[in-house]
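> Next comes the sequence, and after it the predicted model I'd like to discuss.
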Amino acid sequence: MDFKGQVGIVTGGTRGIGKAIAAELAQKGVNLVVAARTREAAHEVAVSLSTQDVKVLGMKLDVSNAEEVEKVFEATRKEFGRVDILVNNAGITKDGLLMRMSEDAWDAVMDINLKGVFLCSREAIKDMTRQRYGRIINITSVAAFMGNPGQANYSASKAGIVGFTKTVAREYAVRGVTVNAVAPGFIETAMTDVLPVNIKDEMKKLIPLGRFGTVNDVAQAVVFLASPDAGYITGQVIHVNGGMYM
Ligand code: NDP
(Lines give C-alpha, C1' and ligand atoms only; values in the text may rest on other atoms or scores of the structure.)
Protein backbone atom coordinates (compact mmCIF):
# COMPACT_ATOMS: atom_id res chain seq x y z
CA MET A 1 0.00 0.00 0.00
CA ASP A 2 1.69 3.18 -1.14
CA PHE A 3 0.26 6.24 0.60
CA LYS A 4 3.25 8.49 -0.05
CA GLY A 5 2.37 12.20 -0.12
CA GLN A 6 -1.28 11.61 0.71
CA VAL A 7 -3.37 13.70 3.08
CA GLY A 8 -6.18 12.42 5.29
CA ILE A 9 -8.74 13.70 7.77
CA VAL A 10 -10.03 11.48 10.57
CA THR A 11 -13.03 12.80 12.50
CA GLY A 12 -13.30 11.71 16.12
CA GLY A 13 -9.66 10.69 16.03
CA THR A 14 -8.85 11.35 19.67
CA ARG A 15 -9.70 7.96 21.15
CA GLY A 16 -11.05 4.50 20.43
CA ILE A 17 -11.48 3.44 16.82
CA GLY A 18 -10.68 6.86 15.31
CA LYS A 19 -7.38 7.12 17.17
CA ALA A 20 -6.36 3.63 15.97
CA ILE A 21 -7.24 4.57 12.37
CA ALA A 22 -5.23 7.79 12.65
CA ALA A 23 -2.24 5.93 14.11
CA GLU A 24 -2.32 3.33 11.34
CA LEU A 25 -2.61 5.94 8.57
CA ALA A 26 0.21 8.02 10.05
CA GLN A 27 2.35 4.90 10.33
CA LYS A 28 1.76 4.30 6.61
CA GLY A 29 3.02 7.81 5.83
CA VAL A 30 -0.24 9.76 5.45
CA ASN A 31 -0.13 13.40 6.57
CA LEU A 32 -3.14 13.86 8.76
CA VAL A 33 -5.66 16.09 10.46
CA VAL A 34 -7.13 14.55 13.59
CA ALA A 35 -10.32 16.39 14.51
CA ALA A 36 -12.64 16.22 17.51
CA ARG A 37 -14.62 18.53 19.80
CA THR A 38 -11.91 18.52 22.48
CA ARG A 39 -9.10 20.66 21.11
CA GLU A 40 -6.51 19.56 23.70
CA ALA A 41 -7.11 15.85 23.01
CA ALA A 42 -6.81 16.42 19.24
CA HIS A 43 -3.57 18.31 19.77
CA GLU A 44 -2.19 15.61 22.09
CA VAL A 45 -2.88 12.82 19.58
CA ALA A 46 -1.37 14.90 16.77
CA VAL A 47 1.84 15.42 18.73
CA SER A 48 2.06 11.72 19.59
CA LEU A 49 1.63 10.64 15.94
CA SER A 50 3.88 13.22 14.26
CA THR A 51 7.27 12.01 13.07
CA GLN A 52 10.05 13.40 10.93
CA ASP A 53 8.27 12.12 7.81
CA VAL A 54 4.63 12.57 8.75
CA LYS A 55 2.91 15.75 9.82
CA VAL A 56 -0.20 15.36 11.98
CA LEU A 57 -2.31 18.34 13.04
CA GLY A 58 -4.99 18.33 15.72
CA MET A 59 -8.03 20.53 15.10
CA LYS A 60 -11.17 21.36 17.01
CA LEU A 61 -14.26 20.22 15.13
CA ASP A 62 -17.88 19.50 15.86
CA VAL A 63 -18.91 17.59 12.73
CA SER A 64 -22.52 18.71 13.08
CA ASN A 65 -21.51 22.37 12.69
CA ALA A 66 -21.24 23.34 8.99
CA GLU A 67 -19.15 26.42 9.70
CA GLU A 68 -16.57 24.47 11.73
CA VAL A 69 -16.43 21.77 9.05
CA GLU A 70 -15.68 24.38 6.37
CA LYS A 71 -12.98 25.94 8.54
CA VAL A 72 -11.22 22.63 9.17
CA PHE A 73 -11.17 21.78 5.46
CA GLU A 74 -9.92 25.27 4.62
CA ALA A 75 -7.13 24.93 7.18
CA THR A 76 -6.24 21.47 5.83
CA ARG A 77 -6.04 22.79 2.25
CA LYS A 78 -3.90 25.68 3.42
CA GLU A 79 -1.51 23.39 5.26
CA PHE A 80 -1.35 20.38 2.93
CA GLY A 81 -2.87 21.54 -0.39
CA ARG A 82 -5.14 18.52 -0.87
CA VAL A 83 -7.41 15.94 0.78
CA ASP A 84 -7.13 12.34 -0.41
CA ILE A 85 -8.74 10.42 2.43
CA LEU A 86 -11.71 11.25 4.66
CA VAL A 87 -12.63 8.89 7.47
CA ASN A 88 -16.02 9.82 8.90
CA ASN A 89 -15.61 8.16 12.28
CA ALA A 90 -17.07 10.63 14.82
CA GLY A 91 -20.14 9.18 16.46
CA ILE A 92 -22.12 9.18 19.70
CA THR A 93 -24.85 7.16 21.39
CA LYS A 94 -27.78 8.46 23.44
CA ASP A 95 -29.62 5.25 24.19
CA GLY A 96 -33.13 4.71 25.49
CA LEU A 97 -36.19 2.69 24.63
CA LEU A 98 -38.36 4.39 22.02
CA MET A 99 -41.18 5.36 24.38
CA ARG A 100 -38.73 7.24 26.60
CA MET A 101 -36.44 8.63 23.92
CA SER A 102 -36.37 12.43 23.96
CA GLU A 103 -36.39 14.53 20.82
CA ASP A 104 -33.04 15.94 21.95
CA ALA A 105 -31.51 12.45 22.11
CA TRP A 106 -32.84 11.72 18.62
CA ASP A 107 -31.60 15.01 17.15
CA ALA A 108 -28.14 14.91 18.75
CA VAL A 109 -27.42 11.43 17.42
CA MET A 110 -28.74 12.25 13.94
CA ASP A 111 -26.82 15.54 13.82
CA ILE A 112 -23.46 14.06 14.73
CA ASN A 113 -23.67 10.56 13.26
CA LEU A 114 -25.49 11.29 9.99
CA LYS A 115 -25.49 15.02 9.24
CA GLY A 116 -21.80 15.11 10.23
CA VAL A 117 -21.02 12.54 7.55
CA PHE A 118 -22.91 14.63 4.99
CA LEU A 119 -21.18 17.91 5.93
CA CYS A 120 -17.63 16.48 5.94
CA SER A 121 -18.14 14.47 2.75
CA ARG A 122 -19.59 17.52 0.96
CA GLU A 123 -16.39 19.44 1.71
CA ALA A 124 -14.00 16.57 0.91
CA ILE A 125 -15.64 15.81 -2.41
CA LYS A 126 -14.69 19.29 -3.70
CA ASP A 127 -10.98 18.43 -3.42
CA MET A 128 -11.42 14.84 -4.53
CA THR A 129 -13.33 15.62 -7.73
CA ARG A 130 -10.82 18.33 -8.63
CA GLN A 131 -7.88 15.96 -8.29
CA ARG A 132 -9.88 12.99 -9.65
CA TYR A 133 -8.88 10.83 -6.73
CA GLY A 134 -10.31 10.23 -3.30
CA ARG A 135 -11.28 7.73 -0.65
CA ILE A 136 -14.19 8.28 1.73
CA ILE A 137 -14.73 5.71 4.46
CA ASN A 138 -17.77 6.01 6.70
CA ILE A 139 -18.02 4.17 10.01
CA THR A 140 -21.47 2.63 10.36
CA SER A 141 -22.39 -0.19 12.79
CA VAL A 142 -23.74 -3.71 13.04
CA ALA A 143 -26.74 -2.03 14.72
CA ALA A 144 -27.75 -0.67 11.28
CA PHE A 145 -28.17 -4.25 10.07
CA MET A 146 -29.41 -6.15 13.15
CA GLY A 147 -31.12 -3.40 15.15
CA ASN A 148 -30.41 -3.12 18.87
CA PRO A 149 -32.98 -2.48 21.61
CA GLY A 150 -32.46 1.02 23.06
CA GLN A 151 -30.74 2.33 19.95
CA ALA A 152 -33.54 3.44 17.60
CA ASN A 153 -31.78 6.77 17.03
CA TYR A 154 -28.30 5.25 16.70
CA SER A 155 -29.26 2.38 14.39
CA ALA A 156 -31.34 4.74 12.20
CA SER A 157 -28.38 7.13 11.90
CA LYS A 158 -26.02 4.28 11.03
CA ALA A 159 -28.47 2.79 8.49
CA GLY A 160 -28.71 6.28 6.95
CA ILE A 161 -24.95 6.21 6.46
CA VAL A 162 -25.27 3.05 4.36
CA GLY A 163 -27.73 4.68 1.91
CA PHE A 164 -25.60 7.82 1.82
CA THR A 165 -22.46 5.77 1.09
CA LYS A 166 -24.02 3.93 -1.85
CA THR A 167 -25.47 7.10 -3.39
CA VAL A 168 -22.28 9.16 -3.13
CA ALA A 169 -20.31 6.16 -4.46
CA ARG A 170 -22.52 6.20 -7.58
CA GLU A 171 -22.32 9.99 -7.95
CA TYR A 172 -18.51 10.26 -7.88
CA ALA A 173 -17.19 6.93 -9.23
CA VAL A 174 -16.63 8.59 -12.57
CA ARG A 175 -14.31 11.11 -10.85
CA GLY A 176 -12.09 8.43 -9.33
CA VAL A 177 -13.55 8.73 -5.83
CA THR A 178 -14.51 5.56 -3.94
CA VAL A 179 -16.94 5.70 -1.03
CA ASN A 180 -17.30 2.74 1.32
CA ALA A 181 -18.48 1.96 4.83
CA VAL A 182 -17.06 -0.17 7.61
CA ALA A 183 -19.53 -1.71 10.04
CA PRO A 184 -17.88 -2.69 13.32
CA GLY A 185 -19.57 -5.19 15.61
CA PHE A 186 -18.82 -5.07 19.33
CA ILE A 187 -15.47 -3.30 19.71
CA GLU A 188 -13.75 -2.69 23.05
CA THR A 189 -13.73 1.12 23.47
CA ALA A 190 -15.02 3.79 25.86
CA MET A 191 -18.38 3.57 24.05
CA THR A 192 -18.83 -0.10 25.01
CA ASP A 193 -16.96 -0.04 28.36
CA VAL A 194 -20.04 1.34 30.06
CA LEU A 195 -22.17 -1.77 29.37
CA PRO A 196 -22.87 -4.09 32.35
CA VAL A 197 -20.82 -7.30 32.51
CA ASN A 198 -23.88 -9.59 32.11
CA ILE A 199 -24.84 -7.83 28.85
CA LYS A 200 -21.26 -8.16 27.59
CA ASP A 201 -21.26 -11.90 28.41
CA GLU A 202 -24.53 -12.37 26.51
CA MET A 203 -23.16 -10.48 23.52
CA LYS A 204 -19.99 -12.55 23.41
CA LYS A 205 -22.11 -15.68 22.96
CA LEU A 206 -23.41 -14.19 19.69
CA ILE A 207 -19.92 -13.84 18.22
CA PRO A 208 -18.71 -16.94 16.33
CA LEU A 209 -15.05 -15.88 16.69
CA GLY A 210 -15.62 -15.84 20.47
CA ARG A 211 -14.16 -12.45 21.34
CA PHE A 212 -14.91 -8.75 21.14
CA GLY A 213 -13.19 -6.81 18.40
CA THR A 214 -10.22 -4.51 18.94
CA VAL A 215 -9.78 -1.03 17.55
CA ASN A 216 -6.99 -2.43 15.42
CA ASP A 217 -9.36 -4.96 13.78
CA VAL A 218 -11.40 -2.00 12.51
CA ALA A 219 -8.41 0.18 11.64
CA GLN A 220 -6.95 -2.50 9.34
CA ALA A 221 -10.14 -2.66 7.25
CA VAL A 222 -10.35 1.13 7.04
CA VAL A 223 -6.73 1.53 6.01
CA PHE A 224 -7.15 -1.04 3.24
CA LEU A 225 -10.21 0.79 1.86
CA ALA A 226 -8.27 4.06 2.11
CA SER A 227 -5.38 2.69 0.07
CA PRO A 228 -4.80 3.07 -3.68
CA ASP A 229 -4.98 -0.78 -3.82
CA ALA A 230 -8.72 -0.70 -3.03
CA GLY A 231 -9.53 1.27 -6.19
CA TYR A 232 -12.07 -1.23 -7.57
CA ILE A 233 -14.17 -1.34 -4.39
CA THR A 234 -16.91 1.25 -4.02
CA GLY A 235 -20.39 1.48 -2.47
CA GLN A 236 -19.62 -1.48 -0.20
CA VAL A 237 -19.96 -2.21 3.48
CA ILE A 238 -17.16 -4.24 5.07
CA HIS A 239 -18.38 -5.94 8.25
CA VAL A 240 -15.82 -6.27 11.04
CA ASN A 241 -17.76 -8.17 13.67
CA GLY A 242 -16.27 -11.62 14.31
CA GLY A 243 -19.16 -13.19 12.40
CA MET A 244 -21.86 -11.73 14.68
CA TYR A 245 -23.81 -10.66 11.58
CA MET A 246 -23.37 -12.41 8.22
P1 NDP B 1 -15.52 6.82 21.27
O2 NDP B 1 -16.66 7.36 22.05
O3 NDP B 1 -14.45 6.07 21.97
O4 NDP B 1 -14.84 8.02 20.42
C5 NDP B 1 -15.63 8.89 19.68
C6 NDP B 1 -14.76 9.94 19.05
O7 NDP B 1 -15.60 10.84 18.32
C8 NDP B 1 -14.00 10.78 20.05
O9 NDP B 1 -12.76 11.16 19.50
C10 NDP B 1 -14.90 12.01 20.22
O11 NDP B 1 -14.14 13.11 20.70
C12 NDP B 1 -15.39 12.19 18.78
N13 NDP B 1 -16.64 12.94 18.61
C14 NDP B 1 -17.82 12.74 19.24
N15 NDP B 1 -18.71 13.65 18.81
C16 NDP B 1 -18.08 14.43 17.89
C17 NDP B 1 -18.47 15.53 17.11
N18 NDP B 1 -19.69 16.07 17.17
N19 NDP B 1 -17.56 16.08 16.25
C20 NDP B 1 -16.31 15.57 16.17
N21 NDP B 1 -15.89 14.53 16.90
C22 NDP B 1 -16.76 13.97 17.75
O23 NDP B 1 -16.18 5.94 20.12
P24 NDP B 1 -15.69 4.60 19.36
O25 NDP B 1 -14.26 4.69 19.06
O26 NDP B 1 -16.22 3.44 20.11
O27 NDP B 1 -16.55 4.71 18.02
C28 NDP B 1 -16.05 5.32 16.83
C29 NDP B 1 -17.07 5.12 15.74
O30 NDP B 1 -17.32 3.71 15.56
C31 NDP B 1 -18.43 5.75 16.02
O32 NDP B 1 -18.98 6.25 14.84
C33 NDP B 1 -19.25 4.58 16.53
O34 NDP B 1 -20.62 4.79 16.32
C35 NDP B 1 -18.71 3.45 15.68
N36 NDP B 1 -18.92 2.12 16.23
C37 NDP B 1 -18.37 1.75 17.43
C38 NDP B 1 -18.58 0.47 17.91
C39 NDP B 1 -18.00 -0.02 19.19
O40 NDP B 1 -18.28 -1.18 19.58
N41 NDP B 1 -17.19 0.75 19.89
C42 NDP B 1 -19.41 -0.49 17.18
C43 NDP B 1 -19.93 0.00 15.92
C44 NDP B 1 -19.69 1.26 15.49
P45 NDP B 1 -14.86 14.39 21.41
O46 NDP B 1 -15.82 13.84 22.41
O47 NDP B 1 -13.73 15.18 21.98
O48 NDP B 1 -15.52 15.14 20.31
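Arrived safely.
> Could you give me the buried positions within stretch 203-218?
Buried residues in stretch 203-218, counted by 16 or more other Cβ atoms under 10 Å: 203, 207, 212-213, 215, 217-218. (Each C-beta comes from the backbone N, C-alpha and C, glycine too.)
> Report the central residue of this structure.
The residue lying closest to the centre of the chain (Cα atoms, centre = their mean) is Asn89, at 2.0 Å.
> Please report the distance of Asn89 from Lys166.
Using Cβ to Cβ, to the nearest Å, Asn89 is found at 19 Å from Lys166.
> same thing with Leu32?
Noted for Leu32: a distance of 27 Å to Lys166, by Cβ to Cβ.
> higher neighbour count, those two?
Leu32 (29 against 17; other Cβ atoms under 10 Å).
> excluding its backbone neighbours, what's nearest Ala169?
Excluding its sequence neighbours, the residue lying closest to Ala169 (Cβ to Cβ, 6 or more residues apart in numbering) is Gly235, at 3.4 Å.
> and this structure, which of its residues are near the ligand?
Within the chain, the positions near the ligand by Cβ under 6 Å from any ligand atom are 11-12, 14-18, 36-38, 41, 61-64, 89-92, 112, 139, 141, 184, 186-187, 189-192.
> Now, of those residues, which are buried?
11-12, 14-18, 36-37, 41, 61-64, 89-92, 112, 139, 141, 184, 186-187, 189, 192.
> and those, which of them are in strands?
Counting by DSSP state E, those place 11, 36, 139, 184 in strands.
> Many thanks, we can stop here.
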